[in-house]
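[1] how would this look folded up:
(chains A and B)
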Amino acid sequence: MRSDPADYELVVPGSLRDAVSLLAAQPGIWLPIAGGTDVMVQFAAGKLVAQNLVSLWNLPELRFIEVNDKEIRIGAGSTYTELRKHDVVKREFPLLASAARWTGGIANQNRGTLGGNIANASPAADSLPPLLVYKADLILVSVHGERRVRYVDFHTGYKRTQLTPHELIRAVCLPRSFAGYFSYARKVGARNAQAISKVCVAAVAQVHEGVVADVRLAVGSVAPVPLRLLNTEKVVEGRVIDEALILKAREAARGEICPIDDVRSTAAYRAQVTGNLVAEFLEKLAASGNNA
Amino acid sequence: MNTSRVQCEVSLTVNGELRNLRVYPMERLLDVLRRQLGLTGTKEGCGEGECGSCSVLMDGALVNSCLVPILHAHGVRITTIEGLAEGPLLHGLQDAFLKCGGAQCGICTPGMILAACQLLNEKPQPSLEEIREGLSGNLCRCTGYTQILEAVAEAAGRGSAR
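    Numbers count the residues shown, from 1 in each chain, chains lettered A, B, ... in the order given. Down below sits the predicted model:
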């Protein structure tokens, strides 16, 4: 049954300071809502447990993209539309630009935010594997100040994160060290647009003196969290790409994921597709002529 | 059950007209448009942001009005399908949808036209691929899309962006 809006409170704080003060005053009571593309779905379905919502939409301290010599800092309130249109994101972080283009339709891209996607912590989110590949750090903020954490450590289990009840995600930082890398992204879903992934893969690598170098490979929808395939990376790093290596990489990938059967797909299909995408990544890397 | 929360004042401009409303902050923009303002051209399909039937423009950007709490619409400009025609003169996209047979049952049509509005405002001469992408969040269960894509291309050819 649909929720009754009379049962819910929504406040719009005037500043980030006001927002974190509210969280600090009543930790665990206030659920942040940004573009509403997840929260409002739960609300409409009558499944939104939290009744006190604090809006982060359009908060200027969260809606920015800054670039310096070393890194790009993406405010957590940046929308997918802003990501996919940003010149530096497009040029240096194409996996993230692709994921932004694949997430929902235009209307959802105009409202959905990167920080919302991270906090919602769906293992199927398309934008999260690119953050693993690009060595993202997160800046978390509370009344006590900011702390910087490695994104790879952020998701601690299915829909569980390092975020404490009095913290918000302030920004995502990506080092500008991926120029010249070959990049590969592919989403497999029921249809191209507006469908949640059955499997999504993001990867970068270079070829140095004929062998794979600096490979980073991450995958969504095949584990309780977005997963970096560390074993598969070890299998291919420093090796010449040939059929035997591709076979080993497929096996390694299948060995380190733990997909499930659900409404969107089956564990067996996801395992097969993950192997296929890892193989396709290596084939395309070999054919790319990349030579660092 | 829970105690009722307090209503709030929200001011927004809908199709060029300033409206001051008393609402619960979590009411959906979709429901306010349809029930309080009587603008039933905006349709509810899935109610979860998947089908695009409830698409409207919020400060010129396409949004699913089923996913917008009304408080987020405070101070913004909303354009619904009712705001496109100028008196008896149809918007170029509406005219093109009629001419090309882009509307059948009509439920998806307002959202399709508003999605096409945002597209043509950004890209007055879109490629077929760009039209497909611009409308990818809007589902139609009648026409099979071909006439809809043709209608947008027709409107683009006539320079319907504004």
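[2] which neighbouring elements make contact with the helix or strand hosting A:V207?
    Using DSSP states H and E, A:V207 falls within strand A:199-208. The contact analysis (3 or more C-beta pairs under 8 Å, 6 or more residues apart in numbering or on different chains; DSSP states H and E) places strand A:199-208 against helix A:94-102, helix A:128-133, strand A:182-188, strand A:211-220, helix A:267-287. To be clear about C-beta, it is placed using only N, CA and C from the backbone, and glycine gets the same treatment.
[3] angle of it against helix A:94-102?
    For strand A:199-208 against helix A:94-102, the angle by axes from the mean of the first three to the mean of the last three C-alpha atoms, to 10 degrees is 160 degrees.
[4] and the closest residue to chain A within chain B, what is it in contact with?
    Residue of chain B nearest chain A, by C-beta to the nearest C-beta: B:G137 (1.6 Å). Counting by C-beta atoms under 8 Å, 6 or more residues apart in numbering or on different chains, B:G137 touches A:G104, A:G105, A:I106, A:A107, A:N108, A:A193, A:Q194, B:G52, B:S55, B:L62, B:N64, B:A115.
[5] one step back: in the strand holding A:V207, which residues are buried?
    Using 16 or more other C-beta atoms under 10 Å in any protein chain shown as the test for burial, strand A:199-208 gives A:V199, A:C200, A:V201, A:A202, A:A203, A:V204, A:A205, A:Q206, A:V207.
[6] then stretch B:134-152?
    B:134-140, B:143, B:145, B:147-152.
[7] same check on stretch A:162-171?
    Going by 16+ other C-beta under 10 Å, stretch A:162-171 has these buried residues: A:L163, A:H166, A:E167, A:L168, A:I169, A:R170, A:A171.
[8] now swap in stretch A:178-192 and tell me
    A:F178, A:Y181, A:F182, A:S183, A:Y184, A:A185, A:R186, A:K187, A:V188, A:G189.
[9] any chance of those in CSV, plus distance to A:G35?
    Shown next, in CSV, are those (distance: C-beta to C-beta, whole Å):
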residue, distance to A:G35
A:F178, 27
A:Y181, 30
A:F182, 32
A:S183, 27
A:Y184, 28
A:A185, 23
A:R186, 26
A:K187, 20
A:V188, 25
A:G189, 21
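[10] closest to chain B among these?
    For those, the nearest to chain B is A:G189 (12.4 Å; C-beta to the nearest C-beta).
[11] quick one: neighbours of B:L37, just the number.
    18 (other C-beta atoms under 10 Å in any protein chain shown).
[12] isn't it up against B:V14?
    Yes. At 6.3 Å, B:L37 counts as touching B:V14 under the criterion of C-beta atoms under 8 Å.
[13] give me the common contacts of those two.
    Counting by C-beta under 8 Å, 6+ apart, nothing touches both B:L37 and B:V14.
[14] domain ranges for the chain?
    No chain specified, so I'll use chain A. A:5-55, A:65-175, A:182-287 (automatic domain parsing).
[15] hm, I was asking about chain B
    According to automatic domain parsing, the domains of chain B span B:8-83, B:92-157.
[16] just the terminal-to-terminal distance for the first one.
    Think domain B:8-83. 26 Å (C-alpha to C-alpha, to the nearest Å).
[17] hmm, that domain in reach of chain A?
    Yes. Using C-beta under 8 Å from any C-beta of the partner chain, domain B:8-83 reaches chain A at B:24-28, B:47-50, B:52, B:55, B:58, B:61-64, B:66-69, B:71-72, B:74.
[18] what subset of the residues you listed is buried?
    B:24-28, B:47-50, B:52, B:55, B:58, B:61-64, B:66-69, B:71-72.
[19] so of these, which ones are in helices?
    Within those, no residue falls in helices by DSSP state H.
[20] in chain A, what residue is nearest chain B?
    Residue of chain A nearest chain B, by C-beta to the nearest C-beta: A:G105 (1.6 Å).
[21] quick one: what helix or strand has the residue nearest to that residue when sequence neighbours are not counted in it?
    Nearest non-adjacent residue to A:G105, counting by C-beta to C-beta, 6 or more residues apart in numbering or on different chains: B:G137, 1.6 Å away. Here B:G137, judged by DSSP H and E, is contained in no helix and no strand.
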